[in-house]
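Undergrad: 3D model of this:
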Amino acid sequence: MKLLPAAALACCLSAPAIAAPLCDDLGFAGLLASCNRGEPIELTLASGQPLGEDVTLQSGAYYKMNITADGSAELALTGSEFFRAIWMNEIVINKIEIRPMAIDSIEFDDEGTAELSFIAIKPGTHILRIPGSTGESQQIRISIQ
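TA: As a prediction, this is how the structure comes out:
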């Protein structure tokens with residue numbers, strides 16, 4: 001009987017560390033507060049061009065990702081592992097705000113820009129890529145710490 005309370009105490013003392021947001025006083029807006037925003041992420045979908053640079057994000061911080069297609073080809077961006085590691089706030093396309101539960105990919109048939117805003121949640125390294133491509137420049141690694 002005495003083993004159970006000791007085990008319960010041990011579990012509480014060794015609780016996992018929680019990643020801190022980028023600011024101390026989040027205020028009324030919570031994690032969406034302006035002080036909790038990381039640098040914007042810029043990706044370009046263009047035939048034969050690099051997608052973008054690898055990035056490192058802070059778990060608990062708010063980010064915006066701008067995906068711009070130049071219309072040179074019908075291109076998509078996929079990364080279900082990454083999209084499951086974040087909480088998606090909204091996707092804005094042509095001033096239309098979409099608040100999805102989940103996404104798997106985004107495809108551009110023509111030129112345009114999609115702005116994703118999200119909070120990074122699950123630590124790890126995730127890959128966003130142009131489907132069917134094999135080149136290193138056709139993907140980016142997003143690390144969440």
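
Undergrad: how about the helix or strand that contains residue 89: buried residues?
TA: Element membership of residue 89, judged by DSSP states H and E, is strand 86-93. By 16 or more other CB atoms under 10 Å, the buried positions in strand 86-93 come out as 86, 88, 89, 91, 92. C-betas here are computed from N, CA, C, even on glycine.

Undergrad: that strand packs against which elements?
TA: In terms of contacts (3 or more CB pairs under 8 Å, 6 or more residues apart in numbering; DSSP states H and E), strand 86-93 is packed against strand 96-98, strand 112-120.

Undergrad: list phi and psi for residue 110.
TA: With angles defined as degrees, to the nearest 10, residue 110 sits at phi -150, psi -180.

Undergrad: distance of it relative to residue 129?
TA: Distance from residue 110 to residue 129, counting by CB to CB, to the nearest Å: 21 Å.

Undergrad: between the two, which one's more packed in?
TA: Each of residue 110 and residue 129 has its neighbours counted (other CB atoms under 10 Å); residue 129 has more, 20 against 8.

Undergrad: quick check: beta-bridge partners of residue 75?
TA: Judged by DSSP bridges, the bridge partners of residue 75 are residue 108.

Undergrad: same deal with residue 66?
TA: Beta bridges link residue 66 to residue 42, residue 115, judged by DSSP bridges.

Undergrad: now the strand holding residue 89: average pLDDT?
TA: For strand 86-93, the mean per-residue pLDDT is 95.
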